[in-house]
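*Asks:* Take this sequence and fold it.
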Amino acid sequence: MKRPTAESSKVKIAPSILSADFGRMREAVEALTSAGSDWIHFDVMDGHFVPNLTFGPPMIAALRPYSPLPFDVHLMIERPWELLPAFVEAGANHLIVHVEVCPHLHRVIEQIKSYGIAAGVALNPHTPLEMVMSILPVLDILLIMTVNPGFGGQEFIELMLPKVERAAQLIEREAPHIYLSVDGGVSPANAARLVEAGAQVLVAGASVFSAPSITMGIESLRLAATGGRTS
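*Replies:* Numbering: from 1, shown residues only. Sure, this is the predicted structure:
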């Protein structure tokens, strides 16, 4: 995974395919690609760890031919280590697991990295940052959930803004190679505050797909994230 540098430090927009029309997923992936997305985010849910059921490796494999963009795959599932090979084979570029379901987190992260792809850890809103302190040096992505996971279109939890800021400070001090990602209720209304707090990747579903067009949704989010600057 390419690390943040002076040239690549712009905020990345990672639209969540969860908010797309499931009957037109190929069109959604192609539209996200042509509209200037940086990554495409996949919310994989198993109906156990979170109260919803979405999709798995077959969906990712089916969509992989239609975009060269990194597929950012967020595994909201129990026992993720059992399915890692299937997601890698399907074409995932990043695999993000939840600290809450991984009693042997370091082993899982090393397993992901052994496939030559980026490894990330996600934290639910109530989970303290201390849960990832000892593993930061081997992470590529830290994902802060700003809603309780399970459904798209939820309202951003304002209490998470200080957590994002603390996570950014921790990363800057301990592991500056990590991308700090935020997911949940992200929109043009809060993008600037999240970036100011230190977020580098904005995962957004509803705000992108509810816009008059996907292009307008991405452009609005990027414009807000950069404080109105176009470059």
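
*Asks:* going forward, measure contacts between C-alpha atoms and count neighbours the same way
*Replies:* Noted.

*Asks:* how about the closest residue to Trp39 other than its chain neighbours, phi and psi?
*Replies:* Leaving aside its sequence neighbours, Trp39 sits nearest to Ala14 (Cα to Cα, 6 or more residues apart in numbering; 4.5 Å). Torsion angles at Ala14 (phi, psi; degrees, to the nearest 10) stand at phi -120, psi 80.

*Asks:* Can you report how many residues lie near Ala14?
*Replies:* 28 (other Cα atoms under 10 Å).

*Asks:* I'd guessed it sits against Val203; true?
*Replies:* Yes - counting by Cα atoms under 8 Å, Ala14 does reach Val203; the two are 4.7 Å apart.

*Asks:* and for the two, which residues touch both?
*Replies:* Here Ala14 and Val203 have His41 as joint contacts, going by Cα atoms under 8 Å, 6 or more residues apart in numbering.

*Asks:* gap between the residue nearest to Trp39 and Leu223?
*Replies:* Going from Ala14 to Leu223 by Cα to Cα, to the nearest Å gives 14 Å.

*Asks:* Return the set of buried residues in stretch 180-194.
*Replies:* The neighbour-count check on stretch 180-194 (16 or more other Cα atoms under 10 Å) flags 180-188, 190-194 as buried.

*Asks:* how many neighbours does Leu143 have?
*Replies:* With other Cα under 10 Å as criterion, Leu143 counts 25.

*Asks:* I'd assumed Leu123 was in contact with it.
*Replies:* Yes - using Cα under 8 Å, Leu143 is in contact with Leu123, at 6.4 Å.

*Asks:* Helices of the chain, start to end?
*Replies:* 25-34, 57-63, 84-90, 105-114, 160-174, 191-197, 206-209, 214-225 (DSSP state H).

*Asks:* With distance to Met45 and mean pLDDT added, can I get those in JSON lines?
*Replies:* Below are those laid out as JSON lines (distance: least, Cα to Cα, whole Å; pLDDT from 0 to 100):
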{"stretch": "helix 25-34", "distance to Met45": "17", "mean pLDDT": "98"}
{"stretch": "helix 57-63", "distance to Met45": "12", "mean pLDDT": "98"}
{"stretch": "helix 84-90", "distance to Met45": "13", "mean pLDDT": "98"}
{"stretch": "helix 105-114", "distance to Met45": "18", "mean pLDDT": "98"}
{"stretch": "helix 160-174", "distance to Met45": "22", "mean pLDDT": "96"}
{"stretch": "helix 191-197", "distance to Met45": "25", "mean pLDDT": "96"}
{"stretch": "helix 206-209", "distance to Met45": "17", "mean pLDDT": "94"}
{"stretch": "helix 214-225", "distance to Met45": "24", "mean pLDDT": "96"}
